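1. Got a sequence here, can you build the structure:
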Amino acid sequence: MQGKPPRPPGKRSLLLRPTAEAAWPEPQAGGRLGRQLRAARRSTLVALWTLVAVSIQAGLLLLPGRAKIRFARIFWVVFCRLMGLDISCIGRPARRAEHGGRPVVFVSNHSSWLDVAVLGSRLHACFVSKRDVDSWPGVNVVARLGRTVFVSRQRSTTGRERDRMLARLAAGDNLVLFPEGTTSDGSRVLPFRSSFLAVAEGEEPPIVQPISIVYDRLGGLPANRATRPLFAYYGDMSIGPHFWRLAQWQGLRATMLLHAPLDPRSFPDRKALTKAVWRASAEGAAALRQNRPAAPRPPPASADAPLAYTSLAHV
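-> As a prediction, this is how the structure comes out:
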């Protein structure tokens, strides 16, 4: 028996604010000194690798060809290994060659800055990010060298930003979008904003591939409702303390589920496409959170096709 379609969460989910007194779980193995040394070692290695990678990528950006795109993926692969983050990938990324040369827009749920590392290690694509990130010290350098497209999300600049993304697609790049417009605590997928998919319009629109990301292992054990927020970066958090807290842990894993690509021309309008993309991402994330077997969701027979899973309740 098929369950009811998921109901997008209300505004309360957008107002989550972690407090300084939040009782974050602590690693059980290694003792406090061991955890601190682990975090210090990882922080040092990540910093050194980033400095080396920045120098290499700066040179590659001056050269023609796709070396700069491939190296960006190498950077995130090494970054995840240095962080002790394993990645399980179900499904495979869409490719231009399989769709008549049309570019691909990957659309994912978003709960943490780690999402960029996870997706970047598996996809040859540039990220679309809010302009605020361009002012974060250190992070902005990595983002620029990764050829991130920055957007302000203001109505007055929507047209120019859309044209900039279309130009990037026409130049041979694929893009990664986070249409929730913000991060959550990882217990649900917030509604997707249809304005983010304005780039998937026109007579020959790009292919759109929904993605679900869930952090499902912590300390080598299945993550649950109490421990999953450790990965999440939301509210008033600062990236430095968040990085340090994660770096103390062992046995971290993220699972990404790549669903069947969607052709925007199969949908009556942008809102219908956004709904289908959100449903795929939300139901896949729900299955992963519940530690149930998950498989890429096939294209819907219609915009109102029922879900394949029986429940989207978060755990």
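2. Pull the distance from whichever strand or helix holds C89 to the chain's centre.
-> If you go by DSSP states H and E, C89 is part of strand 85-90. In this view, strand 85-90 has its centroid 13 Å away from the chain centroid, taken as Cα atoms, centre = their mean, to the nearest Å.
3. got a list of contacts for it?
-> 80, 114, 117-118, 121-122, 217, 252-258, 294-296 (Cβ atoms under 8 Å, 6 or more residues apart in numbering). Where C-beta positions appear, they are placed from N, C-alpha and C, glycine not excepted.
4. Direction included, what does that strand pair against?
-> strand 252-258 (parallel) (DSSP bridges).
5. what does the partner strand contact?
-> Contacts of strand 252-258 (Cβ under 8 Å, 6+ apart): 83-94, 108, 114, 118-119, 122, 209, 211-218, 231, 246, 284-285, 287-288, 294-296.
6. State the mean pLDDT of the strand holding C89.
-> Confidence for strand 85-90, expressed as mean pLDDT, is 96.
7. Could you do stretch 235-245 as well?
-> The average of the pLDDT scores along stretch 235-245 is 89.
8. ditto for stretch 97-112
-> On average, the pLDDT along stretch 97-112 is 95.
9. what does stretch 210-224 give?
-> Mean pLDDT, computed over stretch 210-224, is 94.
10. Identify the residues contacting V189.
-> 109, 180, 212, 278, 281-282, 285-286.
11. Revised request: answer the last question for R265.
-> With contact set as Cβ under 8 Å, 6+ apart, R265 has these partners: P205.
12. mind starting the numbering at 78 from now?
-> Yes, from this point I'll number from 78; that puts the last item at R342.
13. By mean pLDDT, point me to the weakest helix or strand of this protein.
-> When the helices and strands of the chain are scored by mean pLDDT, DSSP states H and E, helix 216-222 comes last with a mean of 84.
14. Now list the buried members of the contacts of strand 162-167.
-> Restricting the contacts of strand 162-167 to buried positions leaves 157, 191, 194-195, 198-199, 294, 329-335, 371, 373, with burial counted as 16 or more other Cβ atoms under 10 Å.
15. Please export the C-alpha coordinates of the strand holding C166 as CSV.
-> Taking Å, rounded to 0.1, in the frame of the first residue of the first chain, the C-alpha atoms of strand 162-167 are listed here in CSV:
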residue,chain,number,x,y,z
LEU,A,162,34.4,10.9,5.7
ASP,A,163,33.5,7.8,3.6
ILE,A,164,31.0,8.3,0.8
SER,A,165,28.5,5.7,-0.5
CYS,A,166,27.1,6.5,-3.9
ILE,A,167,23.9,4.9,-5.2
